[in-house]
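In: Model the following, please.
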Amino acid sequence: MNEKQVVKALGMICLLAGIARIGMTPTSIIWGTDSVQELTFGLIACVLMSVGTIATYMVQSRETGVTGFVTTLAIIIGNIITTAMVWSAFASGDPATNPEGVLITVSRMINMIGFMGGTLVFAILTFRAKVFPRWVAGLLVLMILGAFLPVEDNKWFAFFWGLAYVGMGYCIWAEKLNNASAKSEAGGTMSL
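Out: Next comes the predicted model:
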């Protein structure tokens, strides 16, 4: 398997992760927040996002550099911590009960700082890199704004989060990227 095939496969994982994350919204509306159904979609999405997110950096690594790698790593760590928190909700036997304690509080803080901060910087880098279509950066910003919707239990945040991953995953898998580096290597000129 060559690098292009690996990136394309990881793009499909991003797309599937986004679909799973979107699945959290209707299940939370139907069965309630932190229901087994919602958390099942969430766990699947977290695992897939933890694996597939690296593709979003791989396709624009030249354009985003070390900062892009650090923000991608922060997003992946945020997804891994979210996976652990969702799994602990299942392991407790009562997913609707929120565990308390210093470790949980610190984990949530690291998760929010890494995930939200990393996503904000990643959206800016993605917009400036011009590899993904502009609307992908818009979906990332929409996802961040979706976290602040004044809706009970913020059931719609997962929808916007998943939509951003579906957009990125589709662009990677379907090869709908504007790779400026590849165009400059083919003989064109690149202006930044």
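
In: could you pull out the strands for the protein?
Out: Here the chain has no strands by DSSP state E.

In: And the helices in it?
Out: Applying DSSP state H to the chain gives helices spanning 3-22, 24-31, 36-52, 54-58, 61-91, 102-112, 118-129, 134-146, 157-173, 180-185.

In: Mean pLDDT and mean neighbour count for those helices - can I get that in JSON lines?
Out: For the C-beta atoms, the positions are set from N, CA and C on the backbone; glycine is no exception. Putting the helices of the chain into JSON lines (pLDDT from 0 to 100; neighbours: other Cβ atoms under 10 Å) gives the following:
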{"stretch": "helix 3-22", "mean pLDDT": "96", "mean neighbour count": "19"}
{"stretch": "helix 24-31", "mean pLDDT": "94", "mean neighbour count": "18"}
{"stretch": "helix 36-52", "mean pLDDT": "94", "mean neighbour count": "21"}
{"stretch": "helix 54-58", "mean pLDDT": "95", "mean neighbour count": "22"}
{"stretch": "helix 61-91", "mean pLDDT": "90", "mean neighbour count": "18"}
{"stretch": "helix 102-112", "mean pLDDT": "81", "mean neighbour count": "12"}
{"stretch": "helix 118-129", "mean pLDDT": "94", "mean neighbour count": "20"}
{"stretch": "helix 134-146", "mean pLDDT": "93", "mean neighbour count": "18"}
{"stretch": "helix 157-173", "mean pLDDT": "96", "mean neighbour count": "23"}
{"stretch": "helix 180-185", "mean pLDDT": "42", "mean neighbour count": "14"}
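
In: How far does stretch 106-118 sit from its chain's centre?
Out: Offset of stretch 106-118 from its chain centre (Cα atoms, centre = their mean, to the nearest Å): 13 Å.

In: ends of it, how far apart?
Out: Start and end residues of stretch 106-118 are separated by 17 Å (Cα to Cα, to the nearest Å).

In: How about stretch 122-141?
Out: 10 Å.

In: ok, now stretch 42-62?
Out: 32 Å.

In: Spit out the contact partners of the residue nearest to residue 40 when sequence neighbours are not counted.
Out: Nearest residue to residue 40, sequence neighbours excluded (Cβ to Cβ, 6 or more residues apart in numbering): residue 27, at 7.9 Å. Counting by Cβ atoms under 8 Å, 6 or more residues apart in numbering, residue 27 makes contact with 35, 37, 38, 40, 41.

In: Let me have these in CSV, extended by distance to residue 9.
Out: Shown next, in CSV, are the contacts of residue 27 (distance: Cβ to Cβ, whole Å):
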residue, distance to residue 9
35, 31
37, 28
38, 27
40, 24
41, 22
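
In: what's the closest of those residues to residue 93?
Out: residue 35 (14.0 Å; Cβ to Cβ).

In: So which residues make contact with stretch 8-26?
Out: Residues contacting stretch 8-26 (Cβ under 8 Å, 6+ apart): 1, 38, 41-42, 44-45, 48-49, 51-56, 58-59, 155-156, 158-159, 161-173, 175.

In: Noted, bye for now.
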